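*Asks:* heads up, no residue letters with this:
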């Protein structure tokens, strides 16, 4: 069972992560699809492209998508209050190690934004795995038909 302090920090972190993910998804939805119209003709946004790849097969450009997500995550994280950043950072391996280090020099957590990005990215990708809309369904349907025609 969590202590009341730990529970409060975890709930604050969860709330901040939720807000960051929502804002990053909106940013990716505002970016038009950059994949070839020949490859993915039904997709309209960068978020659609990420979802279709998470749910199916990653393209050769997957690293570029991760980089774009990480940039948006970084920008949103630095906009959070210091308290929210600390709460999320405390959920990382670095944060847990720092919390239990008896020899820490001060009480100010040395927040690492990159560690927070690494902590939030799986949450964002999990949302992509569960996301659906008419464009994604149309592309999945077209991909299924193409697969059947090729085999």
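*Replies:* Structure received. In this text, all values refer to a predicted model and were calculated from it rather than measured experimentally.

*Asks:* And what about the most centrally placed residue in the chain, helix, strand or coil?
*Replies:* Nearest to the mean C-alpha position of the chain, by CA atoms, centre = their mean, lies residue 124 at 2.6 Å. For residue 124, the assignment made with DSSP: H, G, I helix; E, B strand; the rest coil gives helix.

*Asks:* For it, give me its contacts.
*Replies:* 21, 24-25, 69, 73 (CB atoms under 8 Å, 6 or more residues apart in numbering). To be clear about C-beta, it is placed using only N, CA and C from the backbone, and glycine gets the same treatment.

*Asks:* With residue 78 instead?
*Replies:* 85, 113.

*Asks:* helix or strand for it, which one?
*Replies:* Secondary structure from DSSP states H and E places residue 78 in helix 62-79.

*Asks:* Distance of residue 113 relative to residue 47?
*Replies:* According to CB to CB, to the nearest Å, residue 113 stands 22 Å off from residue 47.

*Asks:* Give the rounded mean pLDDT of the longest helix along the chain.
*Replies:* The residue-count maximum for a helix in the chain (DSSP state H) belongs to helix 4-30. Averaging pLDDT along helix 4-30 gives 95.

*Asks:* Repeat that for stretch 93-112.
*Replies:* Stretch 93-112 comes out at a mean pLDDT of 79.
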